[in-house]
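[1] below is the structure, and that's it, no one-letter string:
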DNA sequence: TATAAACCTATCTATATAATAGGTTTTAGA
DNA sequence: TCTAAAACCTATTATATAGATAGGTTTATA
């Protein structure tokens, strides 16, 4: 498994935020309910997203989270790399890259390459249901 | 991590066999030494390869393992799928495919697709140092 | 008949995954 | 000014997976 629930849930949180009022702060409770993920586990995930300045939190009543930038600027590759620590398809030893035997070195490098190329070209915007111009919000 | 040591070592065993006398049976002990992998752990790996009829073993003195087919017929995708159980980049719950939220379903399917396409087109032969016509064997 | 090999079954340990628990701090609004 | 709602913080726990190891039995060959 290349992408664990942390990576997957992080993407869903970002999509959720992208699909709702970009100016407003959305409470985690709401996201948890919509995405059917425990609020406590989401806390773990948004912490990373927040520290990376992908999202920002506002404390206190009326608080929540919102995206820092436009959904089109968040590449899936970056989110996964943030959450998983790497995009490499093969294991590393104590954080150090493994020493590949020559024969398979290019195999794994090439694989990481196609994975990265694919995920580089997909953004949160691509995965978000666009807010229709006909939609209206109660602000 | 998409590919664990099981998948990686399996590929190395296959390459090792491809690079040596195709008719002869190569003892695991030799492969273990060359590849610097414990013989006991390799036993676990060759068991799967053997059950899948990718390689065949011969017991007793003078025995060992050899490839069943030509190196060009072994796709890396198949070997990894055999060893890891899946080529899917995301986790499954109790062996059942996870139910994806619609937004990201195509994301993960697309990712599995590019991974498979890449690995489908590489065979054990591609990773093996070809036996030169100038080389000679003592048979 | 000794030796070398595959083959078999079980066990083990460390790490990563996936979460949960129980708080403290901050802020808005009644 | 108090209360509610929210983020934020630190620690713990359960389970699964990864990555092996141990100790044997069976089989074939020279």
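    Received the coordinates, thanks. Given the structure is predicted, the values throughout are model-derived calculations rather than measurements.

[2] so what does the helix or strand bottoming out on mean pLDDT in chain A touch, helix or strand wise?
    In chain A, no helix or strand scores lower on mean pLDDT, DSSP states H and E than helix A:102-120, which sits at a mean of 93. If contacts are counted by 3 or more Cβ pairs under 8 Å, 6 or more residues apart in numbering or on different chains; DSSP states H and E, helix A:102-120 sits against helix A:76-84, helix B:5-18, helix B:102-120, helix B:124-127. For glycine as for every other residue, the C-beta is placed from the backbone atoms N, C-alpha and C.

[3] buried ones in it, by neighbour count?
    Under the neighbour-count criterion of 16 or more other Cβ atoms under 10 Å in any protein chain shown, helix A:102-120 has A:103-104, A:107-108, A:111-112, A:114-116, A:118-119 buried.

[4] state the pLDDT value of the residue in chain A that DNA strand C sits nearest to.
    Per Cβ to the nearest atom of the strand, residue A:60 is where chain A lies closest to DNA strand C, at 2.3 Å. Residue A:60 is assigned a pLDDT of 96 by the prediction.

[5] before we move on, what SS does it have?
    Under the three-state scheme (DSSP: H, G, I helix; E, B strand; the rest coil), residue A:60 adopts coil.

[6] tally of neighbours for it?
    Around residue A:60 there are 7 other residues, counting by other Cβ atoms under 10 Å in any protein chain shown.

[7] up against chain B, what does chain A have?
    Contact residues, chain A versus chain B (Cβ under 8 Å from any Cβ of the partner chain): A:1-5, A:8, A:11-12, A:15, A:35, A:76, A:88-91, A:101, A:103-104, A:107-108, A:110-111, A:114-115, A:117-119, A:122, A:127-129.
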